[in-house]
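K.L.:
Here is my input; please provide its structure:
(chains A, B and C)
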Amino acid sequence: MRIGELARRTGATERALRYYEEQNLLKPARLPSGYRDYAPSDIEAVRHVRSLLAAGLPSHLIAELLPCMVDTGDGLMPGCRSMLEPLESERDRLTSAIDELTTARTLLAALIDRTPEDDSEYDAWMAAHASA
DNA sequence: CTTCTAACA
DNA sequence: TGTTAGCA
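P.N.:
Numbers count the residues shown, from 1 in each chain, chains lettered A, B, ... in the order given. Next up is the predicted model:
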């Protein structure tokens, strides 16, 4: 399939798809016309790329990882065990990021819940906090 | 009409 | 990344 169809089917822009190729994340064949010719399996590959890129993984790591995921429901393909260490690092980085986001969300949620619909209780609040 | 490369009021 | 120009 050509770039337009892959873009439609993945939600990625054509611009992004060409960028992925430039980053060696995808290596579409070329039609005699010069148009990129993507394999059906690239649909899933693009989904993985978008997810991992959004999670902050460096493209070079994703580039190495993709071929390790090909044709595997779960684990990495044989010969990809060297990816384990960097992947564990990314996993831990995401765990920390999630913790920080959760803390921020909890703070915002509390502020929102404690805020009255209007300022009708403003005077009471002032009285309760009057210092001098 | 679709895709391509290159480039940036 | 968007977007556009100028081709094929």
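K.L.:
use CA for all of it now, contacts and neighbours both
P.N.:
Will do.
K.L.:
Just give me the neighbour total for residue A:27.
P.N.:
When neighbours are counted by other Cα atoms under 10 Å, residue A:27 registers 16.
K.L.:
That one: what's it in contact with?
P.N.:
For residue A:27, the set of contacting residues under the criterion of Cα atoms under 8 Å, 6 or more residues apart in numbering consists of residue A:21.
K.L.:
cool, and the one 10 residues further on?
P.N.:
With contact taken as Cα under 8 Å, 6+ apart, residue A:37 is in contact with A:1-3, A:28-31.
K.L.:
List buried residues within the residues you listed.
P.N.:
A:3, A:28 (16 or more other Cα atoms under 10 Å).
K.L.:
Make TSV from the contacts of residue A:37 and add secondary structure, distance to DNA strand C and pLDDT to it.
P.N.:
Formatted as TSV, the entries for the contacts of residue A:37 read as follows, by DSSP: H, G, I helix; E, B strand; the rest coil; distance: Cα to the nearest atom of the strand, whole Å; pLDDT from 0 to 100:
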residue	secondary structure	distance to DNA strand C	pLDDT
A:1	coil	16	97
A:2	coil	13	97
A:3	helix	13	98
A:28	coil	18	98
A:29	strand	18	98
A:30	strand	14	97
A:31	coil	12	96
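K.L.:
of all the contacts of residue A:37, which comes closest to residue A:121?
P.N.:
Sorting these by how near they are to residue A:121, with Cα to Cα, puts residue A:3 at the top with 58.8 Å.
K.L.:
ok, that closest one - contacts?
P.N.:
Applying Cα under 8 Å, 6+ apart, the residues contacting residue A:3 are A:14, A:17, A:36-38.
K.L.:
Quick check: which of those residues are also close to DNA strand B?
P.N.:
A:14, A:36 (Cα under 7 Å from any atom of the strand).
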